[in-house]
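In: sequence plus the predicted model coming up.
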Amino acid sequence: MSDEDEIVVKDSNGNVLQNGDSVTVIKDLKVKGTSVTLKRGTLVKNIRLTDDEDLIECNADKVKGLVLRTEFLKKA
């Protein structure tokens, strides 16, 4: 992959996200398939980027293998 093909993943404020970054949830999010709600201000550590610039993978408290949209996150 050349530099021009590289996906740039940005949070809700436009900050560039990298693998291993920590992010904060900016809105209460209900997790589909569970009764868990990620509260606003929840810190999610060690994110993993995906092939889609709008999605990241992470593990949050109580939920493993979670996929979150970047529009609801800000870099911590």
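Out: On my side now, so go ahead. Numbering: from 1, shown residues only.
In: this protein: strands as residue ranges?
Out: With strands called from DSSP state E, the chain shows them at 23-25, 29-30, 37-38, 43-44, 48-49, 55-60, 63-69, 73-75.
In: list the buried ones in the last one?
Out: Buried residues in strand 73-75, counting neighbours by 16 or more other C-beta atoms under 10 Å, are found at Leu73, Lys75. C-betas here are computed from N, CA, C, even on glycine.
In: which strands and helices sit next to it?
Out: Packing partners of strand 73-75 (3 or more C-beta pairs under 8 Å, 6 or more residues apart in numbering; DSSP states H and E): strand 23-25.
In: what's the answer for the longest one, then?
Out: For strand 63-69, the contact count by 3+ C-beta pairs under 8 Å, 6+ apart identifies strand 55-60 as packing neighbours.
In: what is the rounded mean pLDDT of the strand it packs on?
Out: Across strand 55-60, the average pLDDT comes to 96.
In: who's in contact with the nearest residue to Glu71 once chain neighbours are set aside?
Out: Once flanking residues are discounted, Glu71 sits nearest to Ser12: 5.5 Å by C-beta to C-beta, 6 or more residues apart in numbering. Residues near Ser12 by C-beta atoms under 8 Å, 6 or more residues apart in numbering: Ile26, Thr70, Glu71, Phe72, Leu73, Lys74.
In: if you set the cut-off to 6 Å instead, what comes out?
Out: Listed by C-beta atoms under 6 Å, 6 or more residues apart in numbering, the contact set of Ser12 reads Ile26, Glu71, Lys74.
In: circling back: nearest to Val16, of the strands of the chain?
Out: Checking the strands of the chain against Val16 by C-beta to C-beta gives strand 73-75 as the closest, at 8.3 Å.
In: tally up the residues packed near the residue lying closest to Val31 once chain neighbours are set aside, please.
Out: Distance criterion C-beta to C-beta, 6+ apart; nearest residue to Val31, sequence neighbours excluded, is Val63 at 5.5 Å. Neighbour count for Val63, taken as other C-beta atoms under 10 Å: 14.
In: so what sits opposite Val63 in the bridge?
Out: In this entry, Val63 is beta-bridged to Ala60, by DSSP bridges.
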